[in-house]
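Trainee: Kindly generate the corresponding structure for this input.
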Amino acid sequence: MGRKRPPECQHEIAGKLEEALGHPLRAWILAQLNDAPAAASDLAKKSGEPRNLVNYHFKQLERLDCIELIDTQKVRGNMEKKIYRGKTRMLLDDDIWKKLRRKTRTGISVKAVAEAIERAQRALEAGTFDNRLDRIVANYKPMLDEPGWLEVVEILREAHERIQEVEPRAIARTPDHMNRKRTTITLMAYESPPGT
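Mentor: Numbers count the residues shown, from 1 in each chain. You can find the predicted model right below:
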């Protein structure tokens, strides 16, 4: 059934996510930093939240090892602007979901679905959604038994692992980020609502 994380690693990731996503602003900051590197001052301006509050949540996310410092820029004399990126691009599989409270699981799911819809909407509005003809858009609604469900989950896990390996190769081939395109890939499987 694919590669499994050691139990202590799964428990650690679940605990970090519980704490990281336990506050709406912290969850929003983490989503922003997973999307693109930024400084606390940038996200304070974007969110309209007080800078000291945003700084506090940056420190909490760094403590939880969910974000990392990638650059420091000089601004106005001796002042430094610290640029962070998210480190939480991870597969949330059954071992992790089991360790999360229902409220946290629902919060993560709501954010994931909202982000998928919002990204697709923005891509449609910008005209980038239909730029490529060599792409896949698919919705499947099979009737599965338990082994069938587990097989689908394993296929998605393997796809996730293979996709994670693509970006480092792209960076090695094309170091200049201006010659690479930001790409959105959404993998989800869930039980359909009644009556569908």
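Trainee: For the rest of this, base every contact and every neighbour count on C-alpha atoms.
Mentor: Fine.
Trainee: and P175, how far is that from R169?
Mentor: Going from P175 to R169 by Cα to Cα, to the nearest Å gives 10 Å.
Trainee: now do P194
Mentor: Counting by Cα to Cα, the gap from P194 to R169 is 42 Å.
Trainee: what does stretch 102-114 contact?
Mentor: E18, L21, G22, W97 (Cα atoms under 8 Å, 6 or more residues apart in numbering).
Trainee: Pull out the buried members of these.
Mentor: E18, L21 (16 or more other Cα atoms under 10 Å).
Trainee: Out of the contacts of stretch 102-114, flag the one nearest to R119.
Mentor: Comparing these against R119 with Cα to Cα picks out L21 as the nearest, at 20.1 Å.
Trainee: Need the three-state assignment for the residue lying closest to that closest one once chain neighbours are set aside.
Mentor: Distances taken as Cα to Cα, 6 or more residues apart in numbering place A27 nearest to L21, at 4.6 Å, with adjacent residues excluded. Judged by DSSP: H, G, I helix; E, B strand; the rest coil, the three-state class of A27 is helix.
Trainee: Quick check, pLDDT for R85.
Mentor: R85 is assigned a pLDDT of 90 by the prediction.
Trainee: correct me, but it touches E62?
Mentor: No: R85 is not in contact with E62 according to Cα atoms under 8 Å; the separation is 9.9 Å.
Trainee: list the residues that contact both of these two?
Mentor: Residues touching both R85 and E62 by Cα under 8 Å, 6+ apart: E68.
Trainee: between those two, who's got more neighbours?
Mentor: Using other Cα atoms under 10 Å as the criterion, R85 and E62 rank with R85 on top: 22 against 18.
Trainee: residue contacts, the closest residue to that one other than its chain neighbours?
Mentor: Spatially, and ignoring its direct neighbours in sequence, R85 is nearest to P37 (4.4 Å; Cα to Cα, 6+ apart). By Cα under 8 Å, 6+ apart, P37 lies in contact with I83, Y84, R85, G86.
Trainee: Give me the three-state assignment for the second one.
Mentor: Same thing as Y84. Classification of Y84 using three-state DSSP returns strand.
Trainee: Noted, bye for now.
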